[in-house]
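1. can't give you the sequence, but here's the structure:
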């Protein structure tokens, strides 16, 4: 029996949840899926995702055991990685060079305001 059916949400530690929400929604174009208070953790449970996406990102409060500024390992897809790369560079996002290798989809990485690394490749 398969007890796990999907990967739904990946947590990304952030030092300022409001700043993170602004970046992920205004800069990356995600939507807020959930924003609920979590008084026991001193923050909120905030989930963001691209419109219609099955997977999402939880913007969780950073802590000593879960610091911000990590390589998240999250790979996102874009229909046009080159255009996305130019857009994020123009928007002032901390963006690495566009990698274009024969036989491999174009890809690049960028960082959110906390320095968390995310990856984008052409779908």
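-> That came in fine, so what should we check first? Please read these numbers as outputs of a predicted model, since none were measured by experiment.
2. who's in contact with the top helix by length along the chain?
-> In the chain, with assignment by DSSP state H, the single longest helix is helix 81-90. Outside helix 81-90, the residues that touch it by Cβ atoms under 8 Å, 6 or more residues apart in numbering are 27, 78, 95, 98, 105-108, 110, 120-122. The C-beta positions use only the backbone N, C-alpha and C, and glycine is treated the same way.
3. what's the distance between stretch 84-104 and the middle of its chain?
-> Per Cα atoms, centre = their mean, to the nearest Å, the displacement of stretch 84-104 from the mean C-alpha position of its chain is 15 Å.
4. In that stretch, which residues are buried?
-> Applying a neighbour-count criterion of 16 or more other Cβ atoms under 10 Å, one finds 84-85, 88-89, 93, 95, 98 buried in stretch 84-104.
5. Which parts of this structure are helices?
-> Secondary structure of the chain (DSSP H): helices at 17-22, 81-90.
6. mind listing what's buried in stretch 5-14?
-> When neighbours are counted by 16+ other Cβ under 10 Å, the buried residues of stretch 5-14 are found to be 9, 12-14.
7. picking up where we left off before, could the helices of the chain go into JSON lines alongside distance to residue 63?
-> Below are those laid out as JSON lines (distance: least, Cβ to Cβ, whole Å):
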{"stretch": "helix 17-22", "distance to residue 63": "13"}
{"stretch": "helix 81-90", "distance to residue 63": "28"}
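8. for the ones you listed, which one sits closest to residue 35?
-> With respect to residue 35, and counting by Cβ to Cβ, the nearest of those is helix 17-22 at 7.7 Å.
9. list the buried ones in the closest one?
-> Taking 16+ other Cβ under 10 Å as the basis for neighbour counts, the residues of helix 17-22 that come out buried are 17, 20-21.
10. Now flag whichever of these is closest to residue 71.
-> In terms of Cβ to Cβ, no member of these lies closer to residue 71 than residue 20, at 16.6 Å.
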